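Chemist: Prediction below, plus the sequence it came from.
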Amino acid sequence: MSLRTVLITGGASGMGLATARRFAGAGHRVVIGDRDRAALDAAVATLGGGPGLLAVPVDVASPPACETLVERTIAAFGRLDVLVNCAGVWLEGPAEHVTEVDFDRVLAVNLKGTFFVCRTAIPHLVSSGGSIVNLASDAGLVGNAGASVYSASKGGVVLLSRALALELAPRGVRVNAVCPCDVATPMIEFQAAAYGGGDPGRYKADLLARYPQKGRARFATPEEIAEFIYYLASELAAPITGAAIPIDFGLTAGY
Ligand SMILES: NC(=O)c1ccc[n+]([C@@H]2O[C@H](COP(=O)([O-])OP(=O)(O)OC[C@H]3O[C@@H](n4cnc5c(N)ncnc54)[C@H](O)[C@@H]3O)[C@@H](O)[C@H]2O)c1
């Protein structure tokens, strides 16, 4: 792949960090935006720093902050070729217990944030002939019982990505969504700790019990997802746009 400037939201952890490592390791310029400043500092250290890496504190729930993130990318590197929207938050529990504050927070980060980073990035991606990869989820393709608001946010990311793909195709920009199953990241650890009823191991075992592999099931790794994102951003993936691609061991293939 020719030298790219890659902006990754949620780049301080999990799949965002693995994606940053994949692109940085191949010599590309990488910008990681994240609201967790301590995690950003740690990410810069693990990625090795250097002039090709920029870390920007940002809360993607704020559209002006999304604009600043893209502006800082352009100020630092002069162009933007690849946007990867990984920033996201999880919420689960019975719908009757969901508050308006919870609803607004999940939609603001997962859907509104994704949209406003895309919106600001569009002119720069048109200039570079670039592409967008949005992190949706298996829960954006099929309903996830007990996670209605998260599912709604990720279903929104899937159709946002498809609609943007059609809108931007005449201007040479590709847009895709990836839909991973459970991935071994801090988000899963948070889920198990916050919603596991004091037994995180059981929570994770219950997740894995849903997979077609049964006793052989495992979580995907962030590196496996990052490799696919890297491919989607490459010239080899030129025919792929408007796709929402499951990476899920067959979890959403049927029953
Ligand atoms: N882990 C999974 O099983 C899984 C599965 C499918 C989809 N996803 C989605 O993939 C994406 C990455 O998830 P992950 O597992 O790597 O999670 P993670 O928790 O490891 O990383 C998410 C990052 O997003 C950042 N973030 C959260 N809210 C933000 C905000 N308002 N502004 C800026 N940054 C913010 C966090 O600080 C964190 O660094 C998310 O969108 C998630 O919903 C995760």
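Modeler: On my side now, so go ahead.
Chemist: who's in contact with E92?
Modeler: Residues near E92 by Cβ atoms under 8 Å, 6 or more residues apart in numbering: N144, G146, A147, Y150, Q191, Y195. For every residue, glycine as well, the C-beta is placed using N, CA and C.
Chemist: Turn those residues into JSON lines, columns for neighbour count.
Modeler: As requested, the contacts of E92 are exported to JSON lines (neighbours: other Cβ atoms under 10 Å):
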{"residue": "N144", "neighbour count": "17"}
{"residue": "G146", "neighbour count": "13"}
{"residue": "A147", "neighbour count": "21"}
{"residue": "Y150", "neighbour count": "21"}
{"residue": "Q191", "neighbour count": "20"}
{"residue": "Y195", "neighbour count": "15"}
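Chemist: What about these, which are in helices?
Modeler: Judged by DSSP state H, those include Y150, Q191, Y195 as members of helices.
Chemist: Just give the nearest non-adjacent residue to the last one, would you?
Modeler: In space, not counting the residues next to it along the chain, Y195 is nearest to E92; the distance is 5.4 Å by Cβ to Cβ, 6 or more residues apart in numbering.
Chemist: what do you get for the first one?
Modeler: Counting by Cβ to Cβ, 6+ apart, the nearest residue to Y150 once its immediate chain neighbours are dropped is L91, at 5.3 Å.
Chemist: Kindly indicate whether the one you found is helix, strand or coil.
Modeler: coil (DSSP: H, G, I helix; E, B strand; the rest coil).
Chemist: Was I right to think it contacts V98?
Modeler: Yes - counting by Cβ atoms under 8 Å, V98 is a contact partner of L91 at 7.3 Å.
Chemist: quick one: pLDDT of the residue nearest to Y195?
Modeler: On pLDDT, E92 comes in at 97.
Chemist: what about it, distance to the ligand?
Modeler: Between E92 and the ligand the computed distance is 12 Å (Cβ to the nearest ligand atom, to the nearest Å).
Chemist: Now the element after the one helix or strand A39 maps to, going C-ward?
Modeler: Assessed by DSSP states H and E, A39 sits inside helix 37-47. For helix 37-47, the following helix or strand on the C-terminal side (DSSP H and E) is strand 53-57.
Chemist: Provide the strand pairings for that next one, with the direction of each partner.
Modeler: Strand pairing for strand 53-57, determined by DSSP bridges: strand 29-34 (parallel).
Chemist: Can you show me the strands along the chain?
Modeler: Assigned by DSSP state E, the strands in the chain fall at 5-9, 29-34, 53-57, 82-85, 131-135, 174-180, 244-247.
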